[in-house]
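Undergrad: Fold the following, please.
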Amino acid sequence: MTTFPPVTLSLAERRMLEALVRSGTTEARLVRRARVILLLAAGASVRTTGKQVSLAPRMVQHWKRAFLARRVEGLYDASRPGRPKQISLSKEARILADTQRRPPAPLTQWSSRRMARRHGVSQSFVIRLWNRHGLQPHRLDSYVASPDPEFEAKAAAILGLYVNPPAHAVVLCIDEKSHIQALDRTQPALPLSPGRPERHSIEYVRRGTLSLYAALEVSSGRVRGQCVPRHTAAEFVHFLEQAIRGYRRKEIHIILDNLSAHKAPEVRAWVAKHPRVHLHYTPTYSSWLNQVELWFGKLERDCIERGIFTSTQDLKRKLLAYIDRHNTEAKPFLWTYNNPKRRIRVTHQ
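TA: Residues are numbered from 1 along each chain as shown. Reported below is the predicted structural model:
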């Protein structure tokens, strides 16, 4: 039986092996081999080392022999013979072209396995190719193309208010989140625990609905809100009074969408009495240009989506508490100006 000398390490070798063990990007198998050598150098037996690194004793002996023969280089895998399989650029181009076309009916999208079978390549190659070119056939987004003939002019005016607002003026984004349901659960929620997410009963009880008006101050990110049972033109005018309170003689620019209540005669009469207030309507089907929609998204995720509300009063209390909490740490949204001419245009056949 062949015996091998004990493992001894130079200072440089020890530092190199310890760096491999500490690295977060080194392959797990190489880390395990480095640990084997460090344990053997510390005087551990082959059997003890195998237990600590979950390797059979014969594999510990193998890597010990490799290290004694070639030192640290012996722990790395040898290069494999033969040239790697080459896939032509023309085949890559055919795969990319097929990916951007619909698959044969009645299928609705390509899978990596289906595309690999079609072109006689591996599934992993298809996935790498898609990742390299930013293709995601498994995803589906929604859109609404704006038919507004003045889209570019309206969008540019609103983006200009965000990027370069008039001096000594206030820019407010106003909208309402309507029909917020106060949903209560028939059974108590079960809390988060290791290996198990928070759980809610699938059965719920509707406790009523209310609407939330919100005014986002673009320069600070602060929000004013008001809960109402219904979103009518009269309620909207009342909220406008609240939204502009405290700005004294400043010019106020308000960004709104095209809801009928925002253009009602009551609203026009109110604007006529307030000459320092200017309304800017987003293009049709383009309420996403209104920054308060970003804040509504945060409200939905943070407060409403997983909320449990025993009544509309409970819902109102929690919504207003969320606004107060938001305002303690409010920051303006970072808005990047883009070319308003770059938009989805649909040509009807």
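Undergrad: CA atoms for contacts and neighbours, from now on please.
TA: Noted.
Undergrad: tell me the domain boundaries of this protein?
TA: According to automatic domain parsing, the chain comprises the domains 11-75, 89-132, 151-189+202-328.
Undergrad: Let me have those domains in CSV, extended by distance to Lys341 and mean pLDDT.
TA: Output for the domains of the chain, formatted as CSV (distance: least, C-alpha to C-alpha, whole Å; pLDDT from 0 to 100):
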stretch, distance to Lys341, mean pLDDT
domain 11-75, 44, 88
domain 89-132, 25, 92
domain 151-189+202-328, 6, 94
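Undergrad: May I see those organised as TSV, with mean neighbour count added?
TA: Formatted as TSV, the domains of the chain follow (neighbours: other C-alpha atoms under 10 Å):
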stretch	mean neighbour count
domain 11-75	16
domain 89-132	14
domain 151-189+202-328	17
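Undergrad: of all the ones you listed, which lies closest to Thr336?
TA: Of all the domains of the chain, it is domain 151-189+202-328 that lies closest to Thr336, at 7.7 Å by C-alpha to C-alpha.
Undergrad: Any idea how far that closest one is from the middle of the chain?
TA: 23 Å (C-alpha atoms, centre = their mean, to the nearest Å).
Undergrad: can you tell me the distance between the two ends of that domain?
TA: 36 Å (C-alpha to C-alpha, to the nearest Å).
Undergrad: Please apply the same query to stretch 104-117.
TA: End-to-end for stretch 104-117, by C-alpha to C-alpha: 14 Å.
Undergrad: for stretch 51-58, same thing?
TA: Counting by C-alpha to C-alpha, the terminal residues of stretch 51-58 are separated by 12 Å.
Undergrad: And for stretch 284-294?
TA: End to end - C-alpha to C-alpha - stretch 284-294 spans 18 Å.
Undergrad: Run through who's touching it.
TA: 144-148, 151, 155, 158-159, 173-175, 214-216, 218, 255-258, 282, 333 (C-alpha atoms under 8 Å, 6 or more residues apart in numbering).
Undergrad: need the next SSE after the helix or strand Leu17 falls within, C-terminal direction.
TA: Leu17 is located in helix 11-22, with elements delineated by DSSP states H and E. Using DSSP H and E, the helix or strand that follows helix 11-22 towards the C-terminus is helix 28-41.
Undergrad: after that next one, next one along is what?
TA: helix 46-53.
Undergrad: Any chance you could list what contacts that next one?
TA: Contacts of helix 46-53 with the rest of the structure, by C-alpha under 8 Å, 6+ apart, involve Arg32, Arg35, Val36, Leu39, Leu40, Ala56, Pro57, Val60, Gln61.
Undergrad: tell me which of those is nearest to Ser90?
TA: Arg32 (41.4 Å).
Undergrad: Now that closest one. Nearest residue, chain neighbours left out?
TA: In this structure, Arg32 finds its nearest non-sequential neighbour in Val53, 6.5 Å apart by C-alpha to C-alpha, 6 or more residues apart in numbering.
Undergrad: Same question for Ile174.
TA: Ala215 (4.4 Å).
Undergrad: name the element that neighbour belongs to?
TA: Per DSSP H and E: strand 204-217 holds Ala215.
Undergrad: and that strand, which strands flank it?
TA: When pairs are called by DSSP bridges, strand 204-217 turns out to pair with strand 169-185 (antiparallel), strand 223-228 (antiparallel).
Undergrad: Pro194 is nearest to which of those?
TA: Taking the strands paired with strand 204-217 one by one with C-alpha to C-alpha, strand 169-185 is closest: 23.3 Å.
Undergrad: hey, C-alpha coordinates of that closest one in CSV?
TA: What follows is strand 169-185, C-alpha atoms only, in CSV (Å, rounded to 0.1, in the frame of the first residue of the first chain):
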residue,chain,number,x,y,z
ALA,A,169,-44.5,77.7,-9.3
VAL,A,170,-46.0,74.5,-7.8
VAL,A,171,-46.6,71.4,-9.9
LEU,A,172,-49.3,69.0,-8.5
CYS,A,173,-50.3,65.6,-9.9
ILE,A,174,-53.9,64.9,-9.0
ASP,A,175,-56.1,61.8,-9.5
GLU,A,176,-58.4,59.5,-7.6
LYS,A,177,-58.1,55.8,-6.8
SER,A,178,-61.8,54.8,-7.1
HIS,A,179,-63.8,51.9,-5.6
ILE,A,180,-61.2,50.7,-3.1
GLN,A,181,-62.7,47.7,-1.5
ALA,A,182,-62.7,47.2,2.3
LEU,A,183,-62.1,43.4,2.2
ASP,A,184,-62.2,41.5,5.5
ARG,A,185,-61.2,37.8,5.9
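Undergrad: Tell me if I'm right that the residue nearest to Ile174 and Phe236 touch.
TA: No. The pair Ala215 / Phe236 is not scored as a contact, 11.3 Å apart, by C-alpha atoms under 8 Å.
Undergrad: returning to what we had before: using a markdown table, please lay out the domains of the chain together with distance to Ile344.
TA: Converted to a markdown table, the domains of the chain look like this (distance: least, C-alpha to C-alpha, whole Å):
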| stretch | distance to Ile344 |
| --- | --- |
| domain 11-75 | 42 |
| domain 89-132 | 18 |
| domain 151-189+202-328 | 11 |
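Undergrad: thinking again about what came up before, distance check, the residue nearest to Ile174 against His262.
TA: Plainly put, Ala215 is 14 Å away from His262 if you go by C-alpha to C-alpha.
Undergrad: before we move on, the earlier item: what does the strand holding Ala215 contact?
TA: By C-alpha under 8 Å, 6+ apart, strand 204-217 touches 170-186, 222-231, 236, 239, 243, 291-292, 309-312.
Undergrad: can you do 7 Å?
TA: 171-186, 222-231, 243, 292, 310-312 (C-alpha atoms under 7 Å, 6 or more residues apart in numbering).
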